[in-house]
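Participant: whatever this is, show me its structure:
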Amino acid sequence: MFNLNTHAELFAKAEGSGIFFAKKGSMVADQGTFKYSKRLLGTNQGSFVGQVMNHLARRFSGENLEMMEVQGSGTVYLADQGAHVTVVSLEASGWFQSLCVESEDLLAFTDTCQYGVTPIGVGVLSQRGIFTSKLSYNGANAQVAIKTNGNPLILQAPCRVDPDAVVAWTGKAPNVKVDVNWKTFIGQTSGESYMFEFNEPGQIVIVQPFERQSGLRVGVDDNRYQPDMQESAFGNTFGNGGGGIFGGLIH
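Facilitator: You can find the predicted model right below:
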């Protein structure tokens, strides 16, 4: 069983033995004995038909991140373009039972996470499509490592956030608030014409100090993650009693 943690906030550190899953090509170093192989149909256990359906759903929704299976024992260090890393521990019940995260912000997860997609219904209002990835608790030690462009801001609902800056959230999908009026058509808007509203008390929202370019994405900018190498004043591991970020936030 692997345990995910952070190292210098810019690496996901996986320690243990067995199997876990990570973004293809994200391994930067290891200490131990490991085998890396691409997963063709996905990461979930179950019937072949179920795996195929899950794979097709991810491809159709645009959330089909290329994953590799990491098998062995020792320590593996993962990173991606200098992005900051946060580890979320999932739980059998409560707010941390699942985590919704855009596939481009997903770095790694343990084999006790169920990996799928869920609709959010934003369309072309932002870089986010109408689906996002969803990682759910499926056994002990279920953990997810996500990336942010810079140090993350952790909010507790109720709150409103820019869809182009939000990275992940727990619980239900947000409501989408659209503020379009006559000023929109003459270019006199505030620049904040649409927002995600999270209204369930206790719901956790993770935001990065970076906004994706709004509108339809024509190409992929491989340099979109170029954060400042500042070091935050808190640890980047939380959930399941992880403390750290939520020491003064959740009571």
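Participant: contacting residues for Thr148?
Facilitator: 83-86, 105, 167, 206, 208, 210, 227 (C-beta atoms under 8 Å, 6 or more residues apart in numbering). In short, each C-beta sits where N, CA and C put it, glycine included.
Participant: apologies, that question was intended for Leu90.
Facilitator: Neighbouring residues of Leu90 by C-beta under 8 Å, 6+ apart: 96-99, 113, 135-137, 142-144, 239-240.
Participant: format the contacts of Thr148 as a markdown table; extra columns: secondary structure, neighbour count and pLDDT.
Facilitator: Putting these into a markdown table (DSSP: H, G, I helix; E, B strand; the rest coil; neighbours: other C-beta atoms under 10 Å; pLDDT from 0 to 100) gives the following:
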| residue | secondary structure | neighbour count | pLDDT |
| --- | --- | --- | --- |
| Ala83 | coil | 22 | 96 |
| His84 | strand | 27 | 97 |
| Val85 | strand | 26 | 97 |
| Thr86 | strand | 29 | 96 |
| Asp105 | helix | 22 | 93 |
| Val167 | strand | 23 | 94 |
| Ile206 | strand | 24 | 96 |
| Gln208 | coil | 25 | 95 |
| Phe210 | coil | 16 | 91 |
| Pro227 | coil | 19 | 42 |
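Participant: pick out whichever of those residues sits closest to Thr75.
Facilitator: Val85 (14.9 Å; C-beta to C-beta).
Participant: is it correct that that closest one is in contact with Ile146?
Facilitator: Yes - the pair Val85 / Ile146 is scored as a contact, 7.3 Å apart, by C-beta atoms under 8 Å.
Participant: mutual contacts of these two, please.
Facilitator: Leu107.
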